[in-house]
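Student: sequence-free structure coming up:
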């Protein structure tokens, strides 16, 4: 196969920029403790596919093209359809992340109910109000209870006030910081009690959508529990070098947004149209190599490390806790020095660590030592170099 020969070599300065970036990423990956991408992956078998321009244009279930991975993408979607109990007549695609998946779900809801009002909690991911603004959908931001869940009494009150309008509910299946799960059954009860029959429930399950399918007796989050669409990240618990995700919905909704791409004679039911075709291959490979048993092991190993971390924190006098079914441990907001070394998110007065495979028991110990030392003496040096 012939390859394009670039007419210019990189000069010394440009090579140094690449070396600096590589060294920075190598160093910082070790201390990427709070954010949720799983960095323990190996896609070396797939590097050969990076020589191709793979374009997954349009609806993955309707035809394909010579330079697509649509067949692989459909297998990925069928896997997620199984673990979320999607109906036989479902639709969806591999996205570039849950923000796009959220936009897709909200877009379907607005097309179904043009005069809808949206409701979501104040712990909801920032992409939700941004996407609602893009779609020009009015909304109410509902306060949360102590653990970060939506306050269902306040939700009912707002629904009651606006019972003449269809409702779009965005349910958090794991909030960004404290990993709270909004209860689908209580949301449906609020809708019924407010006498609202026209509604659409979108589940933002970016992280916990790959936790709940692998535990016994999970809280309601599936299509069989009453949701209409769901967004799950691929680069978080699964892990991917490229941000990605999946979105699924009931097939009856996509007819409202289907358009024909005339020059390829193919329908498009996506937001982005042309989509990168390599991330479905990454996800497919990870699913095949890991399997349900492997994902279950990641989850339960994470639960064990979370309990260990909480005990370790408390040993040092730090009040740490987690929501049930969560791989995220939260504690009072850490200092800037800790945040700089460990690269952890902070919001609502909390910081967090995420107990994915990348965070080992020795790293948990090191983190707790750093936190305790910083509390006792803010001028003390940490146990390792700061972020690169």
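Tutor: Thanks, I have it. Keep in mind it's a predicted model, so treat the numbers as computed, not measured.
Student: do you know the pLDDT at the closest residue to residue 29 other than its chain neighbours?
Tutor: Nearest residue to residue 29, sequence neighbours excluded (C-beta to C-beta, 6 or more residues apart in numbering): residue 39, at 5.3 Å. Every C-beta, even on glycine, is put in place using the N, C-alpha and C of the backbone. You'll see residue 39 listed with a pLDDT of 91.
Student: what of the one 3 residues further on?
Tutor: The model reports residue 42 with a pLDDT of 95.
Student: now for it, how many residues are close by?
Tutor: 10 (other C-beta atoms under 10 Å).
Student: can you tell me how far it is from residue 363?
Tutor: 20 Å (C-beta to C-beta, to the nearest Å).
Student: cool, and residue 287?
Tutor: Residue 287 is 27 Å from residue 363, where distance means C-beta to C-beta.
Student: specify the local secondary structure of the residue nearest to the spatial centre of the chain.
Tutor: Centroid check for the chain by C-alpha atoms, centre = their mean gives residue 206 as the closest residue, at 2.3 Å. Put simply, residue 206 is coil when judged by DSSP: H, G, I helix; E, B strand; the rest coil.
Student: which residues are in contact with it?
Tutor: Going by C-beta atoms under 8 Å, 6 or more residues apart in numbering, residue 206 touches 98, 101, 125, 174, 231-233, 236, 245.
Student: same thing but at 10 Å, please
Tutor: Going by C-beta atoms under 10 Å, 6 or more residues apart in numbering, residue 206 touches 36, 97-99, 101-102, 125, 127, 172-176, 230-237, 245.
Student: distance check, it against residue 183.
Tutor: Plainly put, residue 206 is 18 Å away from residue 183 if you go by C-beta to C-beta.
Student: give me the next element, helix or strand, following the helix ranked longest in the chain.
Tutor: Looking across the chain with DSSP state H, the single longest helix is helix 278-315. Per DSSP states H and E, the first helix or strand lying C-terminal to helix 278-315 is strand 328-332.
Student: tell me which residues in whichever helix or strand comes after that following strand are buried?
Tutor: In the C-terminal direction, the helix or strand that comes right after strand 328-332 (DSSP H and E) is helix 336-342. Buried residues in helix 336-342, defined by neighbour count with 16 or more other C-beta atoms under 10 Å: 337-339, 341-342.
Student: again, but for stretch 139-157
Tutor: For stretch 139-157, by 16+ other C-beta under 10 Å, it's 139-140, 142, 144, 147-150, 152, 154-156.
Student: can you confirm residue 26 is in a strand?
Tutor: No: with three-state DSSP as the criterion, residue 26 is helix rather than part of a strand.
Student: now for residue 67, how many residues are close by?
Tutor: Residue 67 has 12 neighbours, counted by other C-beta under 10 Å.
Student: could you do residue 294 as well?
Tutor: Around residue 294 there are 13 residues (other C-beta under 10 Å).
Student: how close does it sit to residue 246?
Tutor: 18 Å.
Student: now do residue 13
Tutor: 41 Å.
Student: compare those two (neighbour count), which wins?
Tutor: Per other C-beta under 10 Å, whichever of residue 13 and residue 246 has more neighbours is residue 246, with 26 against 7.
Student: helix, strand, or coil at the more buried one?
Tutor: strand.
Student: surely residue 363 touches residue 34?
Tutor: No: applying C-beta atoms under 10 Å as the test, residue 363 and residue 34 come out as separate, 11.8 Å apart.
Student: now list whatever residues contact both of these two.
Tutor: Common neighbours of residue 363 and residue 34, using C-beta under 10 Å, 6+ apart, are 342, 353.
Student: nearest to residue 162, of the buried residues of helix 336-342?
Tutor: Each of the buried residues of helix 336-342 was scored against residue 162 by C-beta to C-beta, and residue 339 proved nearest at 39.9 Å.
Student: would you map the strands across the chain?
Tutor: According to DSSP state E, the chain carries its strands in the segments 90-95, 117-121, 139-142, 167-172, 199-204, 229-233, 245-250, 259-261, 266-268, 328-332, 346-347, 350-354.
Student: state the mean pLDDT of the fifth one.
Tutor: The reference is to strand 199-204. Averaged over strand 199-204, pLDDT sits at 98.
Student: quick one: strands adjacent to it?
Tutor: Strand 199-204 has the following sheet partners, assigned by DSSP bridges: strand 167-172 (parallel), strand 229-233 (parallel).
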